[in-house]
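Participant: starting from these lines, generate the structure:
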Amino acid sequence: MNPAEPDPAPPPAPAQSLSHRLSAALGAMPLPRGWHAAAAFGALLAAGPLLTLAGATLLAQHERNATVRLQAQLALRLGAEATARAARTALANAAGRAAPGQVLEVLAGALPADAGLMRVERTRDGGLELDVAGSDPDTLRAAIRRAPELAGMRNTSQRRTDAAMIVSMREDAQ
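Facilitator: Numbering: from 1, shown residues only. Here you go, the predicted model:
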């Protein structure tokens, strides 16, 4: 900066961006008659699917919130109903089945003379499980299935011990 010399020329102004130049060119361009309606129609066409998507998203979020609110309100009631349903099922299984003494009498009459009863168990769901020892597993299975009260028994396993074959059978709860 020298007071005797004039100031240098200011730097040139930066060139406008491409978008500014494009909008200026389009703004200066006169639109033919009817193009304003076409431009508005094009904008509506593009906005339709976007508005639909936004509306659907808002509705889905509203329904999710309502579902969570209802589940919180009904949690205690649903828990009590599930407990009551389990108790009714257990009671129905216990009441609809033969007593242990009757099961043992049926087994004693159905099993061959060389067979021995190893285990009889009533499961929580009301099914019957039993292990029978004998020399021939096929004879044991056939003898048990011949009794009408035990016709629903199915073979679950068999294993050999030192003295006999043990056949395990199960009757599912009904």
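Participant: hey, let's count contacts and neighbours off CA atoms from now on
Facilitator: Will do.
Participant: a strand runs through residue 159, doesn't it?
Facilitator: Yes - using DSSP: H, G, I helix; E, B strand; the rest coil, the assignment for residue 159 is a strand.
Participant: for the nearest residue to it once chain neighbours are set aside, give me its contacts.
Facilitator: In space, residue 159 comes closest to residue 166 once its chain neighbours are excluded; the distance is 5.3 Å by Cα to Cα, 6 or more residues apart in numbering. By Cα atoms under 8 Å, 6 or more residues apart in numbering, the contact set of residue 166 is 131, 132, 133, 134, 137, 158, 159, 160.
Participant: report the buried members of these.
Facilitator: 131, 132, 133, 134, 137 (16 or more other Cα atoms under 10 Å).
Participant: quick revisit: what lines up beside the helix or strand hosting the residue nearest to residue 159 in the sheet?
Facilitator: According to DSSP states H and E, residue 166 maps onto strand 165-171. Strand 165-171 has its sheet partners listed here by DSSP bridges as strand 128-134 (antiparallel), strand 154-160 (antiparallel).
Participant: returning to what we had before: ok, now how distant is the residue nearest to residue 159 from residue 133?
Facilitator: Distance from residue 166 to residue 133, counting by Cα to Cα, to the nearest Å: 4 Å.
Participant: residue 10 too?
Facilitator: 111 Å.
Participant: low-confidence ranges in this protein?
Facilitator: 1, 14-15, 18-19, 22-37, 39-40, 93-94, 96, 173-174 (pLDDT under 70).
Participant: show me the helices in this protein, by range?
Facilitator: 18-28, 35-95, 100-110, 137-146 (DSSP state H).
Participant: I'd like to know which of the ones you listed is closest to residue 125.
Facilitator: Of all the helices of the chain, helix 35-95 sits nearest to residue 125, with 6.4 Å by Cα to Cα.
Participant: how far out from the middle of the chain is that closest one?
Facilitator: 16 Å (Cα atoms, centre = their mean, to the nearest Å).
Participant: for it, packing partners?
Facilitator: Under the contact criterion of 3 or more Cα pairs under 8 Å, 6 or more residues apart in numbering; DSSP states H and E, helix 35-95 touches no helix or strand at all.
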